[in-house]
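Q: just need the structure, nothing else, for what follows:
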Amino acid sequence: MKKQRYFFCYSKDLHNELKAAGAQLICFAYSSHQKPFWLYEKDRLVDSILNK
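A: The predicted structure is shown next:
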C-alpha cells in the first residue's frame, strides 16, 4: 500500500498542535462544504503527532 504524502487537517486543535511543533503548513483552504482545513506534507514530525 502506498503511503499518503499529504495530510488534510480539519481539526483546529490538531492544527494548533502541529503548528506549535513546527510542522510545515502547505496551505489553508475551505472545502466544497465551506469547512476550513489545513494541508500538511506528511513527514516524521507530522506522523509522530498523528500516532500519539
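
Q: for the helix ranked longest in the chain, buried residues please.
A: Looking across the chain with DSSP state H, the single longest helix is helix 12-21. Neighbour-count burial for helix 12-21, with 16 or more other Cβ atoms under 10 Å as criterion, is recorded at 15, 18. The way it works is simple: take the backbone N, C-alpha and C, and place the C-beta from them, glycine included.

Q: which strands or helices does that helix pack on?
A: Where contact means 3 or more Cβ pairs under 8 Å, 6 or more residues apart in numbering; DSSP states H and E, helix 12-21 is packed against strand 36-41, helix 44-50.

Q: pLDDT below threshold where in the chain?
A: Where the chain drops to pLDDT under 70, the residues are 1-2.

Q: re the thing from before, between the longest helix of the chain and strand 36-41, how many degrees?
A: Angle between the axes of helix 12-21 and strand 36-41 is 40 degrees (criterion: axes from the mean of the first three to the mean of the last three Cα atoms, to 10 degrees).

Q: could you export helix 12-21 as PDB, CA atoms only?
A: Listed next in PDB are the C-alpha coordinates belonging to helix 12-21 (Å, rounded to 0.1, in the frame of the first residue of the first chain):
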ATOM      1  CA  LYS A  12      -8.300  23.400  14.700                       C
ATOM      2  CA  ASP A  13      -6.900  21.800  17.900                       C
ATOM      3  CA  LEU A  14      -4.700  19.400  15.900                       C
ATOM      4  CA  HIS A  15      -3.700  22.200  13.600                       C
ATOM      5  CA  ASN A  16      -2.500  24.200  16.600                       C
ATOM      6  CA  GLU A  17      -0.600  21.200  17.900                       C
ATOM      7  CA  LEU A  18       1.100  20.700  14.500                       C
ATOM      8  CA  LYS A  19       1.900  24.400  14.300                       C
ATOM      9  CA  ALA A  20       3.400  24.500  17.800                       C
ATOM     10  CA  ALA A  21       5.600  21.500  17.000                       C
END
